[in-house]
Each structure stands twice: as structure tokens, then as C-alpha cells.
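let me see the structure of the following:
(4 chains)
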Number of protein chains: 2
Amino acid sequence: MVVEAGMTSSIEDTVTLTPSQENYLKTIYIKVSQDGYAKMSDIANMLSVQKSSVNTALNILARGGYINYTPYSQITLTELGLDAAKRIIEKFKTMDNFFCNILKLSKEEAATNSCRIEHIISEELFRKISKFFEFTEELYLNDPDYKKKLDDLLS
Amino acid sequence: MVVEAGMTSSIEDTVTLTPSQENYLKTIYIKVSQDGYAKMSDIANMLSVQKSSVNTALNILARGGYINYTPYSQITLTELGLDAAKRIIEKFKTMDNFFCNILKLSKEEAATNSCRIEHIISEELFRKISKFFEFTEELYLNDPDYKKKLDDLLS
DNA sequence: GTACTATGTTAGATATGGCTAACAACATGA
DNA sequence: TCATGTTGTTAGCCATATCTAACATAGTAC
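Next up, the predicted model:
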């Protein structure tokens, strides 16, 4: 198959999101999960930014095909946006869980770090570190000796 | 002691560096370690950016008191810059070592991720995760059963 | 149904961090 | 010492991501 210049294609065209844009997408996902849709002012409040900043981000996400959004409309996620949001949140949860439950970081400290790492970790590292975290957590829960050593170490 | 408006003070005045600036500082440290000083064109080459971009960064680092730099001069680190660079590199090495030796990421993959994480990880998380990584590595090296399970898991 | 309040949009500013292209300074060899 | 090449600087451009302030739309309450 010959791909012609300017031809609209499938997955390869997906525009990579910046950390900031991923954050907006994640926030939209959370709101949509709660209410079925998101509003600009919600997002602005949740991220502590101005509505105008949200507006800019929404236009970028809409152009990229991640959200359904036209002026004054309710915001929902496309398939693409849903997938992307889920992947980001999966990263967050994996990190956050480990930082809280094993490393015993405070909720805020864990969330701050997880929220930064979720945007920059490569797929390959995430795949491996997920497995490693699961493995560690299982050991932690089932091996009292391992748990004691770790708790002592990190106290 | 009363601190007057505009008064120049000590550590509290330290300007926080952006990830980009930390990267420049790290690169300068590496060059200074090798040659005793750094040149702009070296830094530009090492980071694959234009000299003009380096120039901007150097002025910011010099203003912040991290480097000794005046136009056309050789670049060296101040005490502040040396400390900051060492902290960044320590983070890099800790991450990189674990990603390579335990998670068995490729050198490039490990370096890419470490180089991103070094700029965003909090001091508290770094303190704890360092201990945890050390603990894990010791187990890995001394407990053949643990090593085998981990190697199987991550292959 | 009109006026007020919510919410959403736009225009224009700032800061970072990159770029190119043109220019300036320095160092070296003939 | 001066021409040349390397190195460093400056000016001006672009994109992201924020902001404020002014404006537009929508919804509600009387």
C-alpha cells in the first residue's frame, strides 16, 4: 500500500501530549467519571489555573482528537482520549500506591511525585517497574521478615 | 534580626533551577571534572543545542551564583553550583544503577528515564527510594532465590 | 422577558527554552 | 600583523504555558 503525501492515516498520526496536556486530560477523565462530562470551570478549580489556560488546553486536546469539545459545550472524552487518560492514571496509581504503602511517604508527597513521574516514565520502564512493585508488595504482605526489615529501614 | 526589604541574604535566596537549567549544570560539572573548566561549545555539543541556547542558560546560572562566568571566560562552578550538581548526579546514578542492574533496562532507556527523574523527584522520596534500592540490591546479590525470582519476573 | 450571575472566550502580556542568522572577539599561522 | 577560522554573543523568531482583563453567552430568578 502506498501512502500518499498528506494522506490522513491512523495511529501514527497521534500527537504526543506534553505533561501539562496530559494533566488536563487526566483531570477531564476524573470529572467525566464523576459527572459524565466536564466543565471548564471545574478543571480550572481542580488544577488551580485560570479558565483561559484551560480554554487553550481544551482546544489543543480537541484538535488532537482526545476530547469532544466545541465552544460552550460539555466536555467528554473520545476513545483516544479515554485510552490515553487510563494509561496516565494507571501510572499514577502504580507509583502512588508504592510510595504510600511501601515507602510510607505522606499522601501529599506521594501524589506530588507520582503526578510528575506519570508524564515522563517510558512505557518499558513502567512495564518493568510495575512488575517489580507488585513482586515487592506481595513479599511485603506475605513475608513478615521482609516486611520488618523494610519498615525498619524506612522508618 | 530584622530582614529589611531588598536585603541580600544567604541560602534562602537560592533560586530553584528548572530541569533544563539543572541539565546545563550537570553537563558543566562533567566537563569541569574532565578538563578543569567548561567551554560553551562543549556544552552545546553534549546537549545537542545551539550555542545561543547555552549562552542564555549560562547567564541564568551565573546570575543565580551557580557558575563563574563572564563573557568569553572559561566556565567553572561555584561552591553552590558544585553542591547542586553533585546532588543531581547522585540522583541520576542511583536511578540509573537500579534501572540497569536490577530492572535490566538498556543503557539508553535507563539513562533517558534517570535523566528525567533526577529533576523532579523530591528529596524525601529520593532519600527513601535510595535506601530501598540499596536494600533490594543487597538482597539481589546475596539471596540467589530472590535474584532468580526477580530475573524470571523481568525477563 | 429582562437583568443578573455563571460560565466560557478572546486579546494581550509574561516567562522559559528552544531556534537561526548575523555579528564580535580571540587565537593562530604565515 | 593581519587574514582566517573557531568560539562566543546578540537580536529576533517560534512554541508552550501561564496570567489578567475585558468581553460574550447561557441560565435563572424575579
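
strands of chain A, start to end?
Per DSSP state E, chain A carries strands over the ranges A:67-68, A:76-77.

who wins for proximity to residue B:59 among those?
Residue B:59 sits nearest to strand A:67-68 of all those, at 39.9 Å, using Cβ to Cβ. Just so you know, the C-beta spots here come from the backbone N, C-alpha and C atoms, and that holds for glycine as well.

mean neighbour count added to the strands of chain A, as JSON lines?
Formatted as JSON lines, the strands of chain A follow (neighbours: other Cβ atoms under 10 Å in any protein chain shown):
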{"stretch": "strand A:67-68", "mean neighbour count": "20"}
{"stretch": "strand A:76-77", "mean neighbour count": "20"}
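
any chance of the ones you listed in a markdown table, with mean pLDDT and distance to residue A:107 too?
A markdown table is the format used below for those (pLDDT from 0 to 100; distance: least, Cβ to Cβ, whole Å):
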| stretch | mean pLDDT | distance to residue A:107 |
| --- | --- | --- |
| strand A:67-68 | 96 | 29 |
| strand A:76-77 | 97 | 27 |
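
let's have those strands in TSV, adding distance to DNA strand D.
Listed next are the strands of chain A as TSV, based on distance: least, Cβ to the nearest atom of the strand, whole Å:
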stretch	distance to DNA strand D
strand A:67-68	14
strand A:76-77	16
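
turn these into CSV, columns for distance to residue B:132.
Listed next are the strands of chain A as CSV, based on distance: least, Cβ to Cβ, whole Å:
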stretch, distance to residue B:132
strand A:67-68, 38
strand A:76-77, 36
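
in stretch A:32-52, which residues are buried?
Buried positions in stretch A:32-52, judged by neighbour count with 16 or more other Cβ atoms under 10 Å in any protein chain shown: A:32, A:38, A:39, A:40, A:42, A:43, A:44, A:46, A:47, A:49.

over to stretch A:63-78?
So for stretch A:63-78, counting by 16+ other Cβ under 10 Å, buried means A:64, A:66, A:67, A:69, A:75, A:76, A:77, A:78.

just give me the neighbour total for the residue nearest to the fourth one when sequence neighbours are not counted.
By that I understand residue A:69. Closest residue in space to residue A:69, ignoring its immediate chain neighbours: residue A:62 at 4.2 Å, by Cβ to Cβ, 6 or more residues apart in numbering or on different chains. Neighbourhood size, residue A:62 [other Cβ atoms under 10 Å in any protein chain shown]: 17.

residue A:24 versus residue A:62, what's the distance?
11 Å (Cβ to Cβ, to the nearest Å).
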